[in-house]
Structures are given as C-alpha cells and as structure tokens.
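Asker: Predicted model follows, preceded by the sequence.
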Amino acid sequence: MSANFSFEVDPAQNLVRIRMSGFFAPEDIESFLAARAEAHAQLTCGPNQHLTLNDLRDMKIQAQESVEMFREMLADPAFRSRRLAFVIGRTLARTQLGRALDRRYARTFEDAWAAEAWLLTGSDRAAA
C-alpha cells in the first residue's frame, strides 16, 4: 500500500511527533495503532499528559472506512493527549480530519513550527 508513518518521541517535552502520508487501508491503520502503542511506551509522563503533533500534509484523501477507523482511534481515551495539533495542507483532507475528530478538541495548522509552538506554550494565538 502507499501508507507511510513515523513516530518521534521526545520524553523530555512529553511530545510525540507523527508523520503520516499516503492512503491508509484498514491493515495500515492496525499497523499504525501498534506503532503508536510502542511510541507511547517511551513516554515518561503520566497517562494522557503528553502532547501530540501529527503532520498530515502528505496524506491522500481516505476511504470512508478509514476515516471512521481514525475517528475511533482519536476517541480512544487510553491514548488521548493533553493537547493535540495537526499540520495539514489546504485539501479535502482537512474536511476528513474534521469528521475524524468528531467532538475532540484539536487545532490545525499549515506550519509545523506554529503547531509545535502552540503545543509547548499553550498559546492560542498561533492557530490557523
């Protein structure tokens, strides 16, 4: 498949950086979930005290089944971040992300630096 993802964990800042690209089939999402569990195991903060920055600029438009699986993933309280930011381009992926987030609070940005600054400082001024 064309799905790719990577995780970078910064325990000192309680930050998980994720990059996702391509088209995710259900088996790709299952692989992603396993990798996410491994990444979260590297954190040293308490449960749900971490920050998450997810760069989706290279994501393709996803099948509805995948969007629903991402919605379920984002709703899982076991992996919920204290603050959640997404870096996205100006595509239909923004609309799909909105559906996947459901009622979950997150901010979207077009710039990764602004997203990380918002996560680390808590400033609402950097939103896109």
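Answerer: In hand now; what should we look at? Just so you know, these numbers come straight off a predicted model, no measurement behind them.
Asker: For the spatially most central residue of the chain, give me phi and psi.
Answerer: Closest to where the C-alpha atoms of the chain average out (CA atoms, centre = their mean) is residue 54, at 3.6 Å. When read as degrees, to the nearest 10, the backbone of residue 54 gives phi -120, psi 120.
Asker: That one bridge partners, please.
Answerer: Counting by DSSP bridges, residue 54 is bridged to residue 18, residue 86.
Asker: begin at 252 from here
Answerer: I'll keep to 252 as the first residue from here, and by that count the last item is residue 305.
Asker: what's the spacing between it and residue 365?
Answerer: 14 Å (CB to CB, to the nearest Å). C-beta coordinates here come from the backbone N, C-alpha and C atoms, glycine included.
Asker: ditto for residue 264
Answerer: From residue 264 to residue 365 the distance is 16 Å (CB to CB).
Asker: What is the lengthiest helix in the chain packed up against?
Answerer: For the chain, the longest helix by residue count, based on DSSP state H, is helix 277-291. On a contact count with 3 or more CB pairs under 8 Å, 6 or more residues apart in numbering; DSSP states H and E, helix 277-291 meets strand 255-261, strand 266-273, helix 315-326.
Asker: buried residues in the shortest one?
Answerer: Read that as strand 255-261. By 16 or more other CB atoms under 10 Å, the buried positions in strand 255-261 come out as 256, 258, 260.
Asker: and what of stretch 349-369?
Answerer: Going by neighbour count (16+ other CB under 10 Å), the buried part of stretch 349-369 is 351-352, 357-360, 365-369.
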